[in-house]
Structures are given as C-alpha cells and as structure tokens.
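# pasting the sequence and the predicted coordinates here, then a few questions.
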Amino acid sequence: MNLLKNKSVLIGVLLLLVLGGATLYIIYKELNGHDIAGTLSHADLRWVAVAVVFMILYSIADGLNIRRCLRLTGYEVSVSQMMKYAFAGFFFSSITPSSSGGQPGQLYFMYRDKIKLSHGTFSLLCAFLSYQIMAVVWGIIGLIFTPKGILSLGGQFSYVFPIGFAINLVTIVILICILFSRRMTIMFAYVALRLNRKKNKPGSKNEIMRFFATYRKAAGLMNSNKRVFLKILLTSFVQMSLFHSVPFLCARALGCDNFSWFTGVCTQGALFLSVSSLPLPGAAGVTEYGFALFFADLIPKHLMGSTMILSRFCSFLFPLIVSGSQLLLLQLNTKCRRAIR
C-alpha cells in the first residue's frame, strides 16, 4: 500500500515538473526574439479579444465532444472534467511531435477519474475522427478557394505541405477502420495477444480480451446513435471555423483589411492541414514558414511578421499558458486535498 502511494506521489511530482517545465520552455522559445508586447501595443485590442474568445470557445467545443462520447458509454461528465480533458489534449499535443501526446495525456486524467481505458480510448478516437474530418473539409475548401494553390508554393521546404496534406487524409481512413471495422478490431486484438504471449504476463490475456470487447460494444453504441456523431461533427465544424478565424482577426487587429473572413479561413485551413501532422512540437518553425507562404498574397510584407506573431500568440501561446496553468492548478489542488485527508 505504501509502495502504491509512493508511486502515485512520484508520478504526481513528475507530472508537475513536466507541466511547469514544458510550459516555461515553450513560452521562452516563443518569446525569444518575438516582441509580442510591442505587437500588442500597435494592435486594435478589440479584434485581439475576439480572437482570444474564439480560442476559449474552441476548447469548450473540444470538451463538449469528449463529454458526448463519454456520456454515450455511460459516464456523467461534469463541465470541469470535460474542460480538464480538453486542456490536457491541447497542452500535451502542443509539446509533443506530431501532436502525439494529446490523447495519452487525456487518457491519464480519465484514468484518474475512474473511466475505463477502453471507453476513454473509444471516446477520444471518435472526437479525434470528427476533428480530422472537419480539418480535411476546411483544408479541401481552402485548396479550392485559397488564392495561392498548395502545389504552386515555392521555397526550400515547400514539398512538406503536400505531404502533410496527404498524411491527414490517410489518418481519417485509418481512424474510420479502427473505430467501425470489426475486422480491424479483431486484427488489433490478435496483435495485442501475440505481443502479450511474448511477455507472458499472467491474467493480461483476459484483460486484453475485455478491453477489445468493451471497445466493440462502445462502437456499437455509436453506430446505433448516429445523431450523436452528427452533433459531434457539427461541433467540430464550428470548432475548426473558430480556430481558422484567428489569422483573419489578427490581420484586422493590425489594420489589414485586404481579404474577407472566408478567404482567411480557407487559407488557414489549407495551411493547418499541411503542417498539423508534421513531426515537430506544435509544428514549430514550419507553421511560421508556411504562414508567410500561404498568406503572401493577402497580408502586406510590412505587416506579415507582426500578424504572424500575433496569430501565434492567440492560437498557440495563450491557450498553452491557460491549459498548462489550469492543469498545474488541478494537480496542486488534488495533492492539497489528499494532504488534508
């Protein structure tokens, strides 16, 4: 019992260090050489405030979709819980290559809330599938309507954008197979059992079988409740629309009114789909490079750098600070409650 307690304390301390250290590192990296304070001083703060509100609504939409999926599998999820999962997803996605840490981070907090791993996995995959579908929808719309076509982009690293676009399309196909294909589930179960046979852990075979059985039951619930998935899709469409509106709002904040909201969202949609799956934390570096390429015909050169900095602040740095600080406070609050007991 003491061993388990000490292990839990150790994991909690390590998580605190990761949350605090990663947040400070990313903030330092983003601010290094970027005069965000100077950019804000020259911006119309009303437009900036709208961009910040849009990102808050973006996180709320993410939490709503996760809650819908979990409720379908029988869990009553509070507003604070759904926001905790949304914050965990954004934070761990932002600090890991290809956003690979988002779902594991969310699963950790779900496990702490006594949610079965199979139900949590299924819920997150459903929410992620919906998110990816709408990212591709806006990306394809952007591919059609953006002033500068993705295949006509120049520059040393321009080849990465069509590759990133293709990766996201393949991801959707794989997710659909994993979620709703019975054969795919059986194949994964078979692989898991084969790997388990090599490890030879007693009792783990039954655990694996229970996991995949529960997972398939959850998939059946989603198949018989298609209206729920439709609501999830609509929420994801609004979520992506809010996120892709940020560059337009930041450009307006700095006095650039050369393009419409629809053009701005289409351009950002094509950019996002091109860089979001690249193996870099928060797609750092490539996002800024891509921003300059995609928006070259929309934003004047003298405003490009300031708009890029402001957009990065509103869509990445500000949500990172909020999500990291909220998770840090949550962890500290949990430890204080245990200390009182």
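Arrived safely. Residues are numbered from 1 along each chain as shown.
# pretty sure Val48 is in contact with Cys250, am I right?
Yes - in this structure Val48 lies within contact range of Cys250 using C-beta atoms under 8 Å: 7.2 Å. The C-beta positions use only the backbone N, C-alpha and C, and glycine is treated the same way.
# give me the common contacts of these two.
Residues touching both Val48 and Cys250 comprise 310, 314, with contact defined as C-beta atoms under 8 Å, 6 or more residues apart in numbering.
# please say which of these two ends up with more neighbours.
Shown here are Val48 and Cys250; by other C-beta atoms under 10 Å, Cys250 has more neighbours (29 against 22).
# roughly how far apart are the more buried one and Phe91?
Relative to Phe91, Cys250 is positioned 22 Å away (criterion: C-beta to C-beta, to the nearest Å).
# what of Asp35?
Distance from Asp35 to Phe91, by C-beta to C-beta: 25 Å.
# okay, those two: which has more neighbours?
Neighbours per residue, other C-beta under 10 Å: of Asp35 and Phe91, the larger number sits with Phe91, 29 against 13.
# doesn't Tyr108 make contact with the more buried one?
No - assessed by C-beta under 8 Å, Phe91 is found out of contact with Tyr108, at 11.6 Å.
# excluding sequence neighbours, find me the nearest residue to Gly120.
Met110 (4.0 Å; C-beta to C-beta, 6 or more residues apart in numbering).
# please, which helix or strand holds the one you found?
helix 102-112 (DSSP states H and E).
# before we move on, what about Asn258?
Using DSSP H and E, Asn258 maps to neither a helix nor a strand.
# grab the nearest non-local neighbour of it.
Excluding its sequence neighbours, the residue lying closest to Asn258 (C-beta to C-beta, 6+ apart) is Leu298, at 5.9 Å.
# that neighbour belongs to a strand?
No - counting by DSSP: H, G, I helix; E, B strand; the rest coil, Leu298 is located in no strand; its state is coil.
# need the contact list for it.
The contact partners of Leu298, by C-beta under 8 Å, 6+ apart, come to 147, 251, 256, 258-259, 263-264, 267.
# change it to 7 Å
By C-beta atoms under 7 Å, 6 or more residues apart in numbering, the residues touching Leu298 are 147, 258-259, 263, 267.
# got any ranges where this structure has weak pLDDT?
Scanning the chain for pLDDT under 70 picks out the ranges 1-34, 97-100, 147-161, 179-182, 184-186, 188-223, 276-287, 334-341.
# how about the helix holding Met110: buried residues?
102-103, 105-107, 109-110 (16 or more other C-beta atoms under 10 Å).
# and those, which is closest to Leu293?
Nearest to Leu293 among the buried residues of helix 102-112 is Gly102, at 26.2 Å by C-beta to C-beta.
# how about the closest one, nearest residue that isn't a chain neighbour?
Nearest to Gly102 is Ser93, by C-beta to C-beta, 6+ apart, at 3.5 Å.
# kindly report the same for Val246.
Counting by C-beta to C-beta, 6+ apart, Val246 lies nearest to Ser315, which is 4.5 Å off, once chain neighbours are set aside.
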